[in-house]
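Chemist: need the 3D shape of this:
(one chain, ligands or ions: 1)
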Amino acid sequence: MRPVDENYEVIVVGGGFAGVAAARELGRKGVRVLLIDKNPYHQFQPLLYQVATVQLGVSEVARSLRDIFRGQPNVRVLLAEVTGVDPAAKRVTTSDGRTYEGRFLVLASGAEANFFNTPGAEEGTYPLYSVEDAVGLGGSFSNILEEADRVDDSSELHFVVIGGGPTGVETAGAMAETVKYVLPDYFSQRLASRCRVHLVDMVPNVLPPFSDKSKEYARRRLSGMGVQLHLGVPVKEITPDTVVLNDGTAIPADLVVWAGGLKAGPVVARSGLPQGRGGRIDVNEDLTAPGVEGVYVLGDAANMTDDKGNKLPQLGSCALQAGGWAAKNILADIEGRPREPFHYSDKGYMAMVGRGAAVAEVGPGPDRKVLAGPLAFLAWLGVHVFLLSGSLQKVRALATWPSDYISHRRSFVVLSRPDKPRA
Ligand SMILES: Cc1cc2nc3c(=O)[nH]c(=O)nc-3n(C[C@H](O)[C@H](O)[C@H](O)COP(=O)(O)OP(=O)(O)OC[C@H]3O[C@@H](n4cnc5c(N)ncnc54)[C@H](O)[C@@H]3O)c2cc1C
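Modeler: Numbers count the residues shown, from 1 in each chain. Coordinates of the predicted model:
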């Protein structure tokens, strides 16, 4: 099929942090961009765990891509799923068979759960990467609670989170808080006392990339909130009602969250570009794909390094900055100037452990300042409000988060697509 429109200079696949930043910058400079996403929205992953624990609704973590680009006539948003990529031709094919070509191609299609071939994991757990995942998980979580409320016996309910990185810690912490603060209010103390939250990881501590101080703080805080930690033993398999560890421990499980790892999504695999760690593309330091002209791979789809050769983590801030940087390099390509290696402005990283409690390792490289507790919580708040796309969401978040956290007030939201509990 012929390309629908051949006048695009740049095709961007993915409207996440990286794709939006690239398209915005290019559009502002008068470059004609086609931004393709399979969803009509830009999702904000750092808050997905709050959707998954029924504390936030979808509109607080997703913003319409058309709204983001409303004032940018150079950027056309296209709702379509990319199913084929030809890097040499800078051409993509969408699921309806249409093809789109540009002078440049930007692959910013993010990641998906990596189950590492763990038996039962793909069918029996809920991953947490997208809004869709979070709605499915939140719907299932709330259905299990409603069912338990209806039956009202003394059986225990077990919620198991696999993966002790930031996503797992945040999810387990938020589940424990929902049990402690929300259930007595919205259901009953009796139901709350029947719930158990577990966090499982093969390494002996939580938050592996963080300092010992942060790890210890997170561990103490989670235990204090009643999260049962199962650390240092890998998961062997997931059965319909248990998570079985390598040492034979069988943790009863009514709902299992998979926060055990990520790999690049299928767009990258379909591109035929050589894949490195996590199925991602090892990009050059100017963010171009190796061995092919005019193709950039960004964010969670790439293994990126900074201009000093340091490997960069899969973080929203890296993806956001890479998007802006790739746009500058594309402009350099267009104007015949040399491209520049990606300079990442490292502000550190952080994770929310619970209400008013976070860990933050602030500042660049080895001189990071380690914060834990309410100060880290404020740092988390500041950084994430900055990352949130759209002034309306920023205002809402700013107005409600601090008071909600401090006052222990929490909502129990309605999710539009509740899932069924596992049989
Ligand atoms: C639960 C969770 C919590 C996180 N918390 C933090 C945090 O606190 N701080 C932080 O800095 N980072 C955090 N991250 C990491 C951060 O969200 C990611 O690094 C970042 O979103 C990567 O941006 P991206 O643009 O590469 O990909 P994404 O934001 O994932 O965007 C990819 C886009 O591509 C689209 N897409 C995918 N496949 C196709 C296709 N076939 N066709 C068309 N479109 C497609 C998707 O719909 C999506 O819009 C978190 C991640 C998760 C999962």
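Chemist: from here on, contacts and neighbour counts on C-alpha atoms
Modeler: Fine.
Chemist: how about stretch 120-131 and the ligand, any contact?
Modeler: Yes: using Cα under 6 Å from any ligand atom as the criterion, contacts between stretch 120-131 and the ligand involve 128, 129.
Chemist: start to end distance for that stretch?
Modeler: Using Cα to Cα, to the nearest Å, one end of stretch 120-131 lies 23 Å from the other.
Chemist: state the mean pLDDT of that stretch.
Modeler: Here stretch 120-131 scores 96 as its mean pLDDT.
Chemist: buried sites along that stretch?
Modeler: Across stretch 120-131, burial judged by 16 or more other Cα atoms under 10 Å covers 121, 122, 124, 125, 126, 127, 128, 129, 130, 131.
Chemist: again, but for stretch 49-60
Modeler: For stretch 49-60, burial by neighbour count (16+ other Cα under 10 Å) applies to 49, 50, 51, 52, 53, 54, 55, 56, 57, 58, 60.
Chemist: helix or strand for the closest residue to the fourth one other than its chain neighbours, which one?
Modeler: Nearest residue to residue 52, sequence neighbours excluded (Cα to Cα, 6 or more residues apart in numbering): residue 138, at 4.0 Å. For residue 138, the enclosing helix or strand under DSSP states H and E is helix 131-151.
Chemist: ok, stretch 149-161 near the ligand or not?
Modeler: No: Stretch 149-161 is not in contact with the ligand by Cα under 6 Å from any ligand atom; minimum separation 12.3 Å.
Chemist: near the ligand, which residues of this structure?
Modeler: Contact residues, the chain versus the ligand (Cα under 6 Å from any ligand atom): 13-19, 36-39, 42, 45-46, 48, 80-83, 108-111, 128-129, 167, 267, 298-301, 314-317, 319.
Chemist: just the ones of those in strands?
Modeler: Per DSSP state E, strands hold the following members of the residues of the chain next to the ligand: 13, 36, 37, 42, 82, 83, 111.
Chemist: top of those by neighbour count?
Modeler: Counting neighbours by other Cα atoms under 10 Å, the top entry in those is residue 13, with 28 neighbours.
Chemist: what sits against that residue?
Modeler: Residue 13 makes contacts with 19, 35, 36, 37, 82, 105, 106, 107, 108, 109, as judged by Cα atoms under 8 Å, 6 or more residues apart in numbering.
Chemist: please repeat the previous calculation with a cut-off of 7 Å.
Modeler: 19, 35, 36, 37, 106, 107, 108, 109 (Cα atoms under 7 Å, 6 or more residues apart in numbering).
Chemist: not counting sequence-adjacent ones, nearest residue to residue 61?
Modeler: Per Cα to Cα, 6+ apart, closest to residue 61 is residue 44, 5.1 Å.
Chemist: what residues are up against that neighbour?
Modeler: Contacts of residue 44 (Cα under 7 Å, 6+ apart): 61, 62, 388.
Chemist: check the last one and give its pLDDT.
Modeler: So the one you mean is residue 388. pLDDT, residue 388: 70.
Chemist: neighbours around it, how many?
Modeler: Residues near residue 388, counting by other Cα under 10 Å, number 22.
Chemist: quickly note the distance from it to residue 45.
Modeler: For residue 388, the distance to residue 45 equals 10 Å [Cα to Cα].
Chemist: which one of the buried residues of stretch 120-131 is nearest to residue 160?
Modeler: Nearest to residue 160 among those is residue 125, at 9.4 Å by Cα to Cα.
Chemist: contacting residues around that closest one?
Modeler: 256, 257, 258.
Chemist: rewinding a little: tell me the two of the buried residues of stretch 49-60 that are most distant?
Modeler: For those, the farthest-apart pair by Cα to Cα is 53 and 60; their separation is 13.7 Å.
Chemist: how about low-confidence regions in this protein?
Modeler: In the prediction, the chain carries residues with pLDDT under 70 at positions 1-6, 389-410, 414-423.
Chemist: show me where the protein has its helices.
Modeler: 17-28, 48-52, 65-68, 121-124, 131-151, 166-177, 183-186, 189-194, 212-224, 266-270, 316-335, 374-387, 391-407 (DSSP state H).
Chemist: quick one: the residue positioned nearest the centre of the chain and residue 355, what's the gap?
Modeler: For the chain, the residue sitting closest to the mean C-alpha position, by Cα atoms, centre = their mean, is residue 45 at 3.7 Å. Noted for residue 45: a distance of 18 Å to residue 355, by Cα to Cα.
Chemist: now swap in residue 152 and tell me
Modeler: Remark: distance between residue 152 and residue 355 (Cα to Cα) = 28 Å.
Chemist: compare these two (neighbour count), which wins?
Modeler: A direct count of neighbours by other Cα under 10 Å for residue 152 and residue 355 places residue 355 higher, at 19 against 12.
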